[in-house]
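A.B. asks: sequence and predicted model, in that order:
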Amino acid sequence: MTSLSLRRAGASVLVLEVCYLLLLQLASVLLAVDSPEPDRSGPGAFLAVMAAAVVLLLWAAALLGLPALMKRVPRWTRAVVLVGTAALQLYVVRGAAANALDQGLEPDAVLNALMVLCALVATAACVRGLRAPAGRTPTGSRTAEG
């Protein structure tokens, strides 16, 4: 698999993860059961973390899927976004693998195994994206080094 196709596959996986997160949020809002006891924890912190994760995933997907954007973004910004996304993907791998091992041979285990595979593809794409050619030097001229 070439570097560009791996990065595009990773970008596609990240966009699918964002759609999955948004679908879960929509389902939790639409299918929420009214409880007589109010939730005192407040959804603010959870929504802030979800929003930050969605922004990070979309930003990484844009970097991986659009080579022109990858070249324009400073190296340190790319590193922060792609390393953060790779760390998030490894967290998904850990959670989905633990879930799959707890389930046994059930349909949920297959879904968790698929989640592990997709997260590993996204992680590999992020690592590959870190090795992409540099965009601009501090003087603003283009370089060809990697």
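C.D. replies: Perfect, thanks for sending it.
A.B. asks: ok, the residue nearest the centre of the chain - contacts?
C.D. replies: Central residue of the chain (Cα atoms, centre = their mean): L57, 4.0 Å from the mean position. Residues in contact with L57 (Cβ atoms under 8 Å, 6 or more residues apart in numbering) are 14-15, 17-18, 21, 85, 88. (Each C-beta comes from the backbone N, C-alpha and C, glycine too.)
A.B. asks: neighbour-wise, which of those residues leads?
C.D. replies: Most neighbours among the contacts of L57, by other Cβ atoms under 10 Å: L14, with 29 neighbours.
A.B. asks: which SSE is that residue in?
C.D. replies: Using DSSP states H and E, L14 falls within helix 3-30.
A.B. asks: related to what we said a few turns ago, for whichever strand or helix holds the residue nearest to the centre of the chain, buried residues please.
C.D. replies: Using DSSP H and E, L57 maps to helix 44-65. For helix 44-65, burial by neighbour count (16 or more other Cβ atoms under 10 Å) applies to 53, 56-57, 59-65.
A.B. asks: after it, next one along is what?
C.D. replies: helix 67-72.
A.B. asks: got any ranges where this structure has weak pLDDT?
C.D. replies: Counting by pLDDT under 70, the ranges of the chain that qualify are 1, 34-43, 133-146.
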